[in-house]
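*Asks:* Below: sequence and its predicted model.
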Amino acid sequence: MAITIDEIKKLKELTGVGLTDAKAALTEAEGDFDKALAAMRKKGLTKAEKRGEREAREGLVDSYVHSGRIGVVVEVNCETDFVARTDDFKTLVHDVAMHISATSPEYITIGDVPAELRDRKAAEFKEKVVAEGKPADMADKIVEGQIKKHFAEKTLVEQPFIKNPDITVDEYLKQHISKLGENIVVRQMSRIELGVSI
């Protein structure tokens with residue numbers, strides 16, 4: 001199957017790799033664009049995970065106000081001031097602020113959920129599962145799944161991204177880590193809503 005320059009450019013744009021890598025991926029996938037894209041994203045996510053170990057202390061603080069009723073302030077960090085000043089990074093930070101405005105997450109990552117709250121919820125779910133008569137060996141697995149689902153809905157990086165619900169916020173961040181070549185971390189967030197007290 002013939003590979004066009006437009007397909008190479010499109011793959012480069014979507015994944016943030018060089019033209020040579022994009023062409024090689026398409027050649028390897030025998031011209032199947034979707035297969036090449038999936039392979040490049042997988043490679044990009046692997047690189048992004050490695051970059052996740054590097055320290056990120058530069059970045060931006062951005063705000064988003066929705067209809068004068070909801071306000072969000074978010075700090076997103078990267079490794080260098082150079083990347084922090086790019087349009088791609090600014091757009092990312094603004095998108096994260098807009099997402100927080102729309103979905104009102106309580107935590108940034110699952111690790112931010114207090115252990116006592118997790119334990120309390122696990123006990124509630126276990127009581128319910130046992131009352132439903134589920135076998136004891138299955139109960140723990142069911143409870144673990146329910147805990148993960150319950151807190152994923154309240155956790156920023158686990159939520160489906162509002163601009164593309166096919167990916168999570170974490171995957172959106174990893175796409176930018178791959179594209180920009182630096183570790184990116186949502187450090188802190190604050191959301192206020194008119195008439196709603198904390």
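*Replies:* Structure received. Numbering: from 1, shown residues only.
*Asks:* what about the helices in this protein?
*Replies:* 5-15, 19-28, 33-51, 81-84, 87-103, 115-131, 136-152, 169-180 (DSSP state H).
*Asks:* Single out the most deeply packed of those.
*Replies:* helix 169-180 (a mean of 22; mean count of other CB atoms under 10 Å). Every C-beta, even on glycine, is put in place using the N, C-alpha and C of the backbone.
*Asks:* tell me which strands and helices that one is in contact with?
*Replies:* Helix 169-180 sits against helix 33-51, helix 87-103, strand 160-161, with contacts defined as 3 or more CB pairs under 8 Å, 6 or more residues apart in numbering; DSSP states H and E.
*Asks:* rank these by pLDDT, which is bottom?
*Replies:* Among the helices and strands packed on helix 169-180, helix 33-51 carries the lowest mean pLDDT, a mean of 66.
*Asks:* Could you say which one of the helices of the chain comes nearest to Phe161?
*Replies:* The closest of the helices of the chain to Phe161 is helix 169-180. By CB to CB, the value is 4.7 Å.
*Asks:* my guess is Asn183 meets Val76, correct?
*Replies:* No - the pair Asn183 / Val76 is not scored as a contact, 11.2 Å apart, by CB atoms under 8 Å.
*Asks:* what residues are up against the residue nearest the centre of the chain?
*Replies:* Nearest to the mean C-alpha position of the chain, by CA atoms, centre = their mean, lies Asp170 at 1.4 Å. Shown in contact with Asp170 (CB atoms under 8 Å, 6 or more residues apart in numbering): 157-158.
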